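Student: How does the following fold in three dimensions:
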Amino acid sequence: MKNWLRDNRGFVLFLVCFGFFRTAIADWNPIPSGSMRPNLLEGDVVLVNRLAYDFKLPLTNVVVAHVGEPTRGDIVTFSSPKDGTRLIKRIVALPGDVVEMRREVLLVNGNAADYSEPEALLEPGEHAGGTRAVRLTETLGQDKRRIQLLDGVAAKNTFGPVTVPAEHYLMLGDNRDNSADSRYIGFVPRHLLIGQAKRILVSADILGSWLPRLDRFGQTLQ
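Tutor: Residues are numbered from 1 along each chain as shown. This next block holds a predicted model:
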């Protein structure tokens, strides 16, 4: 074993450095579901900045130092407080915020989001011909993003008001009627945040032809 380590020390050092890089500095995350449609699609692979908020000991949730502060609108990867599954959602409320939803309308600290630019379409799904959907631009203060609502899908589109606890965040998927987010898994504590997704690295149409979607390569997330 010692001889093997001596003969392959360069390769071993590379593996150690690569592991440190992926677990402490930057990572990539494949998108397996449609919970963040229309902004993230199944088959996208996003670059995740693990140093956006905290520096952690590799392979742990032990925070060594705070590096930055999460903000409303950030797309983040995190470990589910319910079962540890890695998820990717959007932060819509910060510690101390009062949040509610009334028939799909999001309210934060008493301010209701504005919805504009509706676009009707059919989303692929289990039903023949797809599911009727509408995409809207949701604007709340300085935050603006495209979201999607599905017709005839049972979802928790009314809740609250609730107050986000200290050191916790409320997450929602952009595909509001098809997302296992804070409405179902609860608030997400800061130490479970993994990092911020800022850019799509590569993308392929995994629900169809499996061809690369070149127009999505390198796309910045909003």
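Student: Would you mind measuring from the nearest residue to residue 204 once chain neighbours are set aside to residue 120?
Tutor: Excluding the flanking residues, the one nearest residue 204 by Cβ to Cβ, 6 or more residues apart in numbering is residue 43, at 4.5 Å. C-betas here are computed from N, CA, C, even on glycine. Note on residue 43: its distance to residue 120, by Cβ to Cβ, to the nearest Å, is 24 Å.
Student: ok, the two, which is more surrounded?
Tutor: Shown here are residue 43 and residue 120; by other Cβ atoms under 10 Å, residue 43 has more neighbours (20 against 9).
Student: For that one, give its distance to residue 203.
Tutor: Distance from residue 43 to residue 203, counting by Cβ to Cβ: 6 Å.
Student: ok so, going back, the residue nearest to residue 204 and residue 116, how far apart?
Tutor: For residue 43, the distance to residue 116 equals 29 Å [Cβ to Cβ].
Student: Next: residue 152.
Tutor: Computed as Cβ to Cβ, the residue 152 to residue 116 distance reads 23 Å.
Student: coming back round to it: isn't the residue nearest to residue 204 up against residue 200?
Tutor: No - between residue 43 and residue 200 there is no contact, the gap being 10.1 Å when judged by Cβ atoms under 8 Å.
Student: which stretches of this protein have low pLDDT?
Tutor: Scanning the chain for pLDDT under 70 picks out the ranges 1-26, 59, 125-129.
Student: what about 80?
Tutor: Scanning the chain for pLDDT under 80 picks out 1-26, 56-61, 124-130.
Student: residues contacting residue 195?
Tutor: Going by Cβ atoms under 8 Å, 6 or more residues apart in numbering, residue 195 touches 26-27, 48-53, 76-77.
Student: okay, and the common contacts of residue 43 and residue 203?
Tutor: In contact with both residue 43 and residue 203: residue 213, using Cβ under 8 Å, 6+ apart.
Student: related to what we said a few turns ago, mind listing which of the contacts of residue 195 are in strands?
Tutor: 26-27, 48-49, 76-77 (DSSP state E).
Student: just the residues you listed now: which is nearest residue 172?
Tutor: Set against residue 172, the nearest of those by Cβ to Cβ is residue 76 (11.5 Å).
Student: From residue 116, how far off is that closest one?
Tutor: 25 Å.
Student: Looking at the two, which one has more neighbours?
Tutor: residue 76 (23 against 9).
Student: Please verify my assumption that the more buried one contacts residue 91.
Tutor: Yes - taking contacts as Cβ under 8 Å, residue 76 lies within contact range of residue 91: 6.0 Å.
Student: tell me, what's touching the two both at once?
Tutor: Joint contacts of residue 76 and residue 91 (Cβ under 8 Å, 6+ apart) are 70, 169, 171.
Student: now, which of the residues you listed sits nearest residue 108?
Tutor: The closest of the shared contacts of residue 76 and residue 91, once distances to residue 108 are taken by Cβ to Cβ, is residue 169, at 12.2 Å.
Student: For the closest one, name its beta-bridge partners.
Tutor: residue 188 (DSSP bridges).
Student: tell me the contacts of it?
Tutor: By Cβ under 8 Å, 6+ apart, the neighbours of residue 169 are 70, 76, 91, 93-95, 182, 187-188, 190, 193.
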